[in-house]
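**Q** Got a predicted structure plus its sequence, pasted below:
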Amino acid sequence: MDLLTLLGVLLGFGAILVGQALEGGHIDSLINGPAMLIVLGGSFGATMVQCPMGIFLRGLKMLTWIILPPKVRATETIEKIISWSNIARKEGLLGLEAVVEAENDIFARKGLQLLVDGSEPDVIRSIMEVELDTKEHHDQLAAKMYESMGGYCPTVGIIGAVLGLIHVMQNLADPSALGSGIATAFVATIYGVGLANLLLIPVGTKLKTIVHIQTQSRSMVVEGLISIAEGENPRNIETKLQGYLNS
């Protein structure tokens with residue numbers, strides 16, 4: 001679980017609410033159903049128009065990553081690659097057949113199968129990098145969906161503010177109706193700016209970072225497989241791959 005994300009969300013929204021209370025305002029004055037509906041519904045709808053179905057669904061699935069990010073254990077991956085190298089060195093590439101069947105990671109399994117089939121290093125790199133680049137591009141687009149939503153939120157918040165002011169202007173003769181209209185006007189703006197800058201844009205940026213980390217891990221697997229295919233010494237492979245630990 002990513003505690004930093006939880007702490008960041010609590011600190012960001014908590015600071016605003018505590019500041020509101022310290023200034024003498026009431027927290028319940030920031031609760032407005034119509035304003036929230038306008039901002040969330042409008043922003044979500046605009047994002048749905050922007051994104052193809054596959055990207056949109058992938059973005060929704062990736063949202064859980066901000067709390068439960070995929071585990072990337074670079075050190076363990078290096079150790080696994082070195083074990084593959086030792087097997088190939090002792091038993092030949094065909095000795096990796098059992099490893100292919102036992103490997104859980106689909107990406108690594110595909111590369112191992114190419115290795116066992118005797119594919120040339122350049123062929124392995126070409127095939128694996130196509131899949132790697134395609135996967136990264138797709139996930140980056142899905143992550144940017146939240147940044148786009150964050151861009152729409154403030155504008156939709158302004159729309160909510162204008163709608164609230166229209167409501168106020170239409171009911172100038174009825175003082176009892178002015179309060180709700182003004183509240184919706186100002187709270188919609190707060191919702192739009194707050195959700196964009198405290199949640200949506202940071203979420204999009206964090207997801208892009210996670211995608212980059214995953215891509216680096218897969219690039220390390222590709223480099224390891226190519227090194228095995230070229231018959232490099234396991235110790236040299238380990239030294240090479242350790243460079244990824246600092247990236």
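**A** Looks like it came in fine. Numbering: from 1, shown residues only.
**Q** Next, the residues that contact stretch 32-46 from outside, please.
**A** Applying Cβ atoms under 8 Å, 6 or more residues apart in numbering, the contact partners of stretch 32-46 are 149, 152-153, 156-157, 159-160, 163-164, 183-184, 187-188, 191-192, 195, 200. In this view, the C-beta of every residue, glycine as well, is placed from N, C-alpha and C.
**Q** in it, what counts as buried?
**A** 32, 34-36, 38-40, 42-43, 46 (16 or more other Cβ atoms under 10 Å).
**Q** The helix or strand hosting residue 240: which residues count as buried?
**A** Per DSSP states H and E, residue 240 falls inside helix 234-241. Within helix 234-241, the residues scored as buried using 16+ other Cβ under 10 Å are 234, 237-238, 241.
**Q** Centroid-nearest residue for the protein?
**A** For the chain, the residue nearest the mean C-alpha position is residue 207 (1.9 Å; Cα atoms, centre = their mean).
**Q** pretty sure it contacts residue 65?
**A** Yes. Counting by Cβ atoms under 8 Å, residue 65 is a contact partner of residue 207 at 6.0 Å.
**Q** what touches both of the two?
**A** Counting by Cβ under 8 Å, 6+ apart, residue 207 and residue 65 have no common neighbour.
**Q** So what touches stretch 98-107?
**A** 84, 87, 109, 112-113, 116, 128, 131-132, 135, 218, 221.
**Q** what's the distance between residue 201 and residue 153?
**A** Taking Cβ to Cβ, to the nearest Å as the measure, residue 201 falls 9 Å from residue 153.
**Q** tell me what the longest helix belonging to the chain is packed against?
**A** When the chain is scanned for its longest helix (criterion: DSSP state H), the result is helix 121-170. In terms of contacts (3 or more Cβ pairs under 8 Å, 6 or more residues apart in numbering; DSSP states H and E), helix 121-170 is packed against helix 33-50, helix 53-62, helix 106-116, helix 175-195, helix 201-229.
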